[in-house]
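Participant: Pasting a predicted model and its sequence here:
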Amino acid sequence: MAEYRIDELARLGGSTVRNVRAYQDRGLLPPPRIEGRVGLYDDAHLARLRLLGQLLRRGYTFAIIKDLLTAWETGKDLGEVLGLEKVLTDPWSDEIPGTATYDELAGVFGSGLDEDEFARMLDRTVRLGLIEPDGAGGYRVPSPRLLHVGAELVAAGVPLGSVLDIAARIRDDCDVIAGRFVDLVEEHVFGRLEDPSPDAAKVTEVAGVVRRMRPLVTMVVEPFIARAMEARVQEALGDRFEMIRDHLGGRPDGTVPHAEREPEPARSQK
């Protein structure tokens, strides 16, 4: 199991060192393992920290969260509780985040933009969550794959502003898709936890369903987007392809390229 110092735990959990200490003082986060003079946290702490952040963003107070956790844990296997926390808060991608400097980003995305224009685009990229300032003058890249897609589009001649426009729309579309999946599972699965004292078997069962959703979402979305792209590309390029084919198949003077001429009839030998 991985172990983290408090500053690394806070960064991975999307929180701050100050918040981590406050959660410990309130009894919401278990204390770390002490080795020498250093406190070491593990994946269970990380899962709990992420869950606390989600509950707080939803508007739950510290008191309600503590009551919820206490009721959940009382008489139950703590490992089962933390197992559900982990499956609910773990990233849904195995992609490893990357880093980039300002100069690297400017070299890839700044072509044709003056310094002020690029700065505005960079701020917009941060707001979209595609990059995150790391506090040391550089940037953390949560998804290098997404950044690579943007770089390929810019290299193909698509303006950076248009790339960011489509990124925002696709992000919103994906939020709708995710909501439909979660609504489906919430209606038919999560209700099993509405019992004030769900047993360990139910907790494990729900955690297993959420875990199995990860590959299922990709398996469903990928073929649908592939079919949609196939149809859209054919629709968008069909007329243009006909025009190009006609242009390449004949010449302005009406002659036909040599390769496409009909073979001349064989001459009879005397």
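Facilitator: That came in fine, so what should we check first? None of these values were measured; they are calculated from a predicted model.

Participant: Could you find the closest non-adjacent residue to Tyr23?
Facilitator: Leu29 (3.9 Å; Cβ to Cβ, 6 or more residues apart in numbering). In short, each C-beta sits where N, CA and C put it, glycine included.

Participant: Number of residues surrounding the closest residue to Ile96 other than its chain neighbours?
Facilitator: Excluding its sequence neighbours, the residue lying closest to Ile96 (Cβ to Cβ, 6+ apart) is Pro144, at 7.7 Å. Burial of Pro144 is recorded as 15 neighbouring residues (other Cβ atoms under 10 Å).

Participant: doesn't Glu104 make contact with Pro144?
Facilitator: No. At 11.8 Å, Pro144 does not count as touching Glu104 under the criterion of Cβ atoms under 8 Å.

Participant: Just the helices from this structure, written as ranges.
Facilitator: 6-12, 17-25, 43-57, 62-73, 78-89, 102-109, 115-127, 144-155, 160-188, 200-249 (DSSP state H).

Participant: so which of these gets nearest Arg37?
Facilitator: Arg37 lies closest to helix 6-12 among the helices of the chain, at 12.3 Å (Cβ to Cβ).

Participant: Could you identify the longest strand within this protein?
Facilitator: Counting by DSSP state E, the longest strand found in the chain is strand 38-42.

Participant: Look up the residues forming beta bridges with Tyr41.
Facilitator: Listed by DSSP bridges, the beta-bridge partners for Tyr41 are Tyr4.

Participant: so where's the stretch 151-270 of the chain shaky on pLDDT?
Facilitator: 190-204, 249-270 (pLDDT under 70).

Participant: try 50
Facilitator: Within the stretch 151-270 of the chain, the ranges that satisfy pLDDT under 50 run 251-254, 256, 258-261, 270.

Participant: about what we covered before: and the residue nearest to Ile96, what is it in contact with?
Facilitator: By Cβ atoms under 8 Å, 6 or more residues apart in numbering, the contact set of Pro144 is Glu95, Ile96, Pro97, Gly98.

Participant: Next up, phi/psi of the second one, please.
Facilitator: Here is the backbone geometry of Ile96 (degrees, to the nearest 10): phi -90, psi 120.

Participant: how close does the residue nearest to Ile96 sit to Thr125?
Facilitator: Pro144 sits 14 Å away from Thr125, going by Cβ to Cβ, to the nearest Å.

Participant: Met229 too?
Facilitator: Counting by Cβ to Cβ, the gap from Met229 to Thr125 is 25 Å.

Participant: who's more crowded, these two?
Facilitator: Thr125 (21 against 10).

Participant: Distance of that one relative to Gly161?
Facilitator: Thr125 is 11 Å from Gly161, by Cβ to Cβ.
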